[in-house]
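Trainee: Okay, predicted coordinates and the sequence, questions at the end:
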Amino acid sequence: MKDIWHSSPVISPSLISLCDLCSIERSVKELEAGGAKMLHIDMLDGYFSPSMPLGLDTVRRLRQLTELPFDVHLMVREPDFFIGELLDIGVQQLTFHAETESHIDNRLNQIHRFGVRSGVALKPSTPLCVLDYVLEKCDNVLLLINPGYASFPGEKQVCYGRRKVEELSGVIRSRGLDTTITLDGRVSRENIRELSEYADIFVAGSTCADRSRPKESISEL
């Protein structure tokens with residue numbers, strides 16, 4: 001499994017962006033045929049972010065239909081219930097938001113006890129210093145635009161995004177860690193080329209792939 005997460009750059013197709021939610025199994029099979037090595041699953045509660053496109057039962061059923069590793073980005077106000085359910089479903093990487101978790105260190109420990117890669121996601125304006133004492137325990141750090149707003153007209157990567165990615169990469173390297181960096185939201189072919197020196201996993205959504213042709217889009221990426 002380590003080879004998958006560290007074979008940078010890794011393309012992690014977004015389930016809610018690239019799959020027909022009325023024909024998820026077919027869409028996922030097309031992504032697999034296109035060469036996808038994992039599947040990015042956004043879990044939202046409608047409060048932390050304004051949308052709620054997927055339910056846990058859908059993810060549980062999907063787990064039975066594909067062997068692709070599940071790369072989960074949890075965007076909820078109350079993570080306890082969701083994390084318990086996702087660990088029971090059987091995900092391979094679970095990244096939660098620092099802004100909603102009062103005990104980050106303990107949460108990382110909980111997820112690791114299940115043999116699952118664990119990481120922390122940061123909103124654009126959340127400083128990297130919140131990771132200072134837990135970075136060694138993070139298998140992954142996810143940086144993004146404002147969570148849940150990727151489909152809003154005119155929404156773009158934040159102007160300081162590149163600086164934040166470069167700074168985090170520098171800290172990881174200076175400490176000799178193998179923590180991966182995931183970029184999520186408005187990922188384009190251009191910033192995959194530009195930032196693959198610093199980031200490891202790129203979440204492929206509507207900016208760099210076409211929902212109407214998921215197989216071809218992922219193959220091209």
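Mentor: Looks like it came in fine.
Trainee: Which residues does stretch 50-58 contact?
Mentor: Here stretch 50-58 makes contact (C-beta atoms under 8 Å, 6 or more residues apart in numbering) with 15-16, 21, 24, 41-46, 82, 85-86, 89, 148-149, 151. For glycine as for every other residue, the C-beta is placed from the backbone atoms N, C-alpha and C.
Trainee: rerun that using 6 Å as the cut-off
Mentor: I16, L44, G46, E85, G148 (C-beta atoms under 6 Å, 6 or more residues apart in numbering).
Trainee: Pull the most distant pair out of those residues.
Mentor: Greatest spatial distance in those: E85 and G148, 19.6 Å, computed using C-beta to C-beta.
Trainee: If we go by neighbour counts, what in stretch 211-221 is buried?
Mentor: Judged by neighbour count (16 or more other C-beta atoms under 10 Å), stretch 211-221 contains these buried residues: P214, K215, S217, I218, L221.
Trainee: actually stretch 99-117, not the one I wrote
Mentor: E99, T100, E101, I104, R107, L108, Q110, I111, V116, R117.
Trainee: Listing request: residues of the chain with sub-threshold pLDDT.
Mentor: 1-2, 145-157 (pLDDT under 70).
Trainee: ranges for the strands of it?
Mentor: Here the chain has its strands, by DSSP state E, at 10-13, 39-44, 70-75, 93-97, 117-122, 140-144, 180-184, 201-204.
Trainee: will you turn these into JSON lines that also has distance to N191?
Mentor: Putting these into JSON lines (distance: least, C-beta to C-beta, whole Å) gives the following:
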{"stretch": "strand 10-13", "distance to N191": "13"}
{"stretch": "strand 39-44", "distance to N191": "16"}
{"stretch": "strand 70-75", "distance to N191": "18"}
{"stretch": "strand 93-97", "distance to N191": "19"}
{"stretch": "strand 117-122", "distance to N191": "17"}
{"stretch": "strand 140-144", "distance to N191": "12"}
{"stretch": "strand 180-184", "distance to N191": "7"}
{"stretch": "strand 201-204", "distance to N191": "8"}
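Trainee: Compare the ones you listed and give me the one nearest G170.
Mentor: Comparing the strands of the chain by C-beta to C-beta, strand 180-184 comes nearest, at 11.0 Å.
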